[in-house]
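Asks: Sequence and predicted structure, then a few things I'm wondering about:
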Amino acid sequence: MIINLNYLWALEIYSCCFFGYQFTTLLTHRFFGFFTRLAIGLPIGLISFAWLILIVSYFIPMTNMHAYLALSTFGLFGIILKFLNRNIQFKVQITFDYFHRWAVILCSFFLTLAVYSANLAGDRYSKGAAYSDLPFHLNIITSFSYGPAYRREEFYKIDSPFYHGKNLAYPLIPDFLSAALVTTGDASLQKSLFFPSEIMMLSLVIAVYQLTNYILKDEFQSVMSLLIFMTTGGLAFVLLFDKTKQWDEHERCDFIHHWTNDFDGYWFQTLMHLLLPQRSSLFAVPLCFWTIYLLIHAVKLEDFRLMFLASLITGYMPQVQAHAYMAIAQWSITYAIITFPYLTREKWKRFFFLWLLYGVVANAMAIPQLPPFFQRISIARKSFLQIEPVYKRYGKGIVGFYKTWWLSLGVFAFGALIGGWAEANTEQIVLYIPSLVVFFIANFVRYQDWLWDNIKIYYDGWMPIALPFATQFIFGFYNRYKRGERPILNKMTFFALLFMTCCSGTIHCIFYLSTPAELYSTDKLKFGKWVAENTRVNDVFVNDDSHEQSPSSLGGRISMLGFSGWIETHGLDYYGRRHHLHLLRTQPENVLEYDKENIWYLFQSDESSPKFTPDLNNSIWELVYDSVNLTLFRRNLKA
């Protein structure tokens, strides 16, 4: 044994992150400090590692040898880059004071605890308002690790783990990264989820701080922007002060998305709705912040190295999150148009080639990643890219638009869309125009079947500049207080606006972080392991209606139909297939129908409907697993 396999996954992470940092340092050491270079390089390293293993595993299925290949490749290139960077003086400069430093440290510590608790803590638990998303990602991870996707006939031909018979049209990289750590580095599922997520979260914290600090030139506001970013929410908190409100014992209120039984807000809470449950967003949002940060500096400094790095990150986006690629495309095109030096003819050529470099490299990398998405769009055209105002359910025209954003984002929306203009200077306005273009397009174009998925676009393309815009508006009242302008009024206004901005999101986070969310009981963990060890890789399962679906998420086997929330938002026919499976459950003797889909197993629990009741004496079905409400039937192999 060459390396202790218990730590092989850790060496994989270290080697690719070392490479990412050295690569970023080579291109940006003249412009950025250590923490910025590190935070940009970490995602580049992780995603590069995932792509290397994804490409090689198409030809040779994953083994520990892939880990040695990755260690050799990234280690060698990292050392070469380190040699090229040998004359760069290593300095860790922390420019903000004691209070700000500890604010960032405590924020990072809190987020680390949140990331740990959300990513299969104790192999059983998760956190987040949409914690059912974790089994969704585990479906993909285990399918690559020891399921049907372990061997691929075509590069992108992957049977959907949660919808048998349809090609998977979902960004692969965040989940494949975990699968690679499990299969090549012998990481546990929990480690494969936590460590990449933690790295991306820390990169995002630095990205939010650095971009806001660049725009506002104020470290206190940059720290405050982290608080606002992680606790965004609307006006649902006013329900707590409404004495006329009669709470129904069955009423579900999370103060962000669900207000009452008859009203939903239009937003995703940053931490509990977006970053923790949706791994693609956790990987994509820091990429978007850093791309915008690099584009701003590349244009300002007219530097091809920074532009190349921005193009590289953009090129990685489609298989991380397609929404990010579309948002950055809109942002960058708008920014190129409004910053082109039309009145300075001698700069035309340089700016043309600067943006040409960005477009050619980014799209040369991105376009080969798009076929799975185009295939899904061609099948379900009405589910994607349709003209449909997101605010229509709240009212018509300007009234609906106003109601949507005032209720869903409150003071933040007012500051970002109206109030912030009074505080902004010309440079800030120029930077904000591309974000507004992304924002308004997403108000009228439905990118995916579910309108709420447009919120990913807002986080990717609008939030990076809207955040400092809104933060500056709120902090403006504190500046007036410091200058002695109506000190009592402005001080009270500042704290009131900050409270109104963060209250709903804070309540939401406290509620979900303090609420136990057991995904898998010990019996389900045992059952999932049994499925992985005792069933054939390509056997298809009919699962129950639960969100965890152990045979797929832990066992790595293909399901005929996954959890409804996964299916309806991805342009797939949920109700048609559910009806088909309903008929199959009531016709256990109809062998031909089961043969058509290669169905060999039927899993049943309390959440299964209708109940499957085969005659075990007719040699068609046999009971192979029965324990604590977990029942698994198998087609008789001898039949």
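Replies: Structure received. Given the structure is predicted, the values throughout are model-derived calculations rather than measurements. Numbering: from 1, shown residues only.
Asks: Quick check: L623 is in a strand.
Replies: Yes: checked against DSSP: H, G, I helix; E, B strand; the rest coil, L623 lies within a strand.
Asks: That one pairs with what?
Replies: Here L623 sits in beta bridges with F633, going by DSSP bridges.
Asks: and it, what is it in contact with?
Replies: Counting by C-beta atoms under 8 Å, 6 or more residues apart in numbering, L623 touches 616, 631-633. C-betas here are computed from N, CA, C, even on glycine.
Asks: And the residues you listed, which is closest to Q587?
Replies: Taking C-beta to C-beta as the measure, Q587 sits nearest to F633 out of the contacts of L623, at 13.6 Å.
Asks: you'd agree the closest one is up against F612?
Replies: Yes: shown here, F633 and F612 form a contact pair, counting by C-beta atoms under 8 Å, at 6.6 Å.
Asks: Looking at these two, which is more packed in?
Replies: Set F633 next to F612 and count neighbours by other C-beta atoms under 10 Å: F633 wins out with 23 against 19.
Asks: Spatially nearest residue to S197 (excluding sequence neighbours)?
Replies: V115 (5.0 Å; C-beta to C-beta, 6 or more residues apart in numbering).
Asks: Touching both of F633 and F612, which residues are there?
Replies: By C-beta under 8 Å, 6+ apart, the residues touching both F633 and F612 are 602, 604.
Asks: residue contacts, the residue nearest to S197?
Replies: 194, 197-198, 201, 276.
Asks: Go through these and name the one nearest R483.
Replies: Nearest member of the contacts of V115 to R483, counting by C-beta to C-beta, is M201, at 36.7 Å.
Asks: Look at the most centrally placed residue in the chain and tell me its secondary structure.
Replies: With distances taken as C-alpha atoms, centre = their mean, S281 lies nearest the centre of the chain, 1.7 Å away. Classification of S281 using three-state DSSP returns helix.
Asks: close enough to count as contact, it and Q321?
Replies: Yes: between S281 and Q321 there is a contact under C-beta under 8 Å: 6.4 Å.
Asks: what residues are shared contacts of the two?
Replies: Joint contacts of S281 and Q321 (C-beta under 8 Å, 6+ apart) are K456.
Asks: Quick check: nearest residue in space to N538, chain neighbours excluded?
Replies: Nearest-residue entry for N538: P148, 5.4 Å, with adjacent residues in sequence omitted and distances by C-beta to C-beta, 6+ apart.
Asks: What pLDDT does the model give H582?
Replies: The per-residue pLDDT reported for H582 equals 89.
Asks: P610 now?
Replies: The model's pLDDT for P610 equals 82.
Asks: ok, now which ones touch it?
Replies: Going by C-beta under 8 Å, 6+ apart, P610 touches 582, 585-586.
Asks: how about a cut-off of 6 Å?
Replies: Residues in contact with P610 (C-beta atoms under 6 Å, 6 or more residues apart in numbering) are 585-586.
Asks: Mean confidence (pLDDT) on stretch 134-153, please.
Replies: On average, stretch 134-153 scores 94.
Asks: Quick one: distance of it to the chain centre.
Replies: 18 Å (C-alpha atoms, centre = their mean, to the nearest Å).
Asks: Show me where this protein has its strands.
Replies: 258-260, 263-264, 386-387, 445-446, 540-542, 558-559, 599-604, 621-627, 630-635 (DSSP state E).
Asks: In a markdown table, list those along with mean pLDDT and distance to F74.
Replies: Output for the strands of the chain, formatted as a markdown table (pLDDT from 0 to 100; distance: least, C-beta to C-beta, whole Å):
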| stretch | mean pLDDT | distance to F74 |
| --- | --- | --- |
| strand 258-260 | 78 | 44 |
| strand 263-264 | 77 | 45 |
| strand 386-387 | 88 | 42 |
| strand 445-446 | 92 | 39 |
| strand 540-542 | 93 | 37 |
| strand 558-559 | 94 | 33 |
| strand 599-604 | 92 | 40 |
| strand 621-627 | 91 | 42 |
| strand 630-635 | 91 | 42 |
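Asks: export these to JSON lines and tack on distance to N590?
Replies: JSON lines is the format used below for the strands of the chain (distance: least, C-beta to C-beta, whole Å):
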{"stretch": "strand 258-260", "distance to N590": "40"}
{"stretch": "strand 263-264", "distance to N590": "41"}
{"stretch": "strand 386-387", "distance to N590": "38"}
{"stretch": "strand 445-446", "distance to N590": "39"}
{"stretch": "strand 540-542", "distance to N590": "13"}
{"stretch": "strand 558-559", "distance to N590": "19"}
{"stretch": "strand 599-604", "distance to N590": "11"}
{"stretch": "strand 621-627", "distance to N590": "12"}
{"stretch": "strand 630-635", "distance to N590": "12"}
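Asks: Can you say which of the ones you listed is packed in most?
Replies: strand 558-559 (a mean of 27; mean count of other C-beta atoms under 10 Å).
Asks: Between which two of the contacts of L623 is the distance greatest?
Replies: Using C-beta to C-beta, the contacts of L623 span at most 12.9 Å, a distance reached by L616 and L632.
Asks: returning to that earlier point: return the item of the contacts of V115 having minimum pLDDT.
Replies: Among these, L276 has the weakest pLDDT, 86.
Asks: what's the burial count for that residue?
Replies: 30.
Asks: on that earlier part again, G528: which of the strands of the chain is closest?
Replies: When those are compared by C-beta to C-beta, strand 630-635 sits nearest G528, at 9.8 Å.
Asks: Could you find the closest non-adjacent residue to L409?
Replies: G234 (5.2 Å).
Asks: how close does the one you found sit to D254?
Replies: According to C-beta to C-beta, to the nearest Å, G234 stands 12 Å off from D254.
Asks: And the two? Which one has more around it.
Replies: Per other C-beta under 10 Å, whichever of G234 and D254 has more neighbours is G234, with 29 against 20.
Asks: Can you list phi and psi of that one for me?
Replies: Backbone torsions of G234, given as degrees, to the nearest 10, read phi -100, psi -140.
Asks: how close does it get to H258?
Replies: For G234, the distance to H258 - C-beta to C-beta - is 12 Å.
Asks: cool, and L276?
Replies: Counting by C-beta to C-beta, the gap from L276 to H258 is 17 Å.
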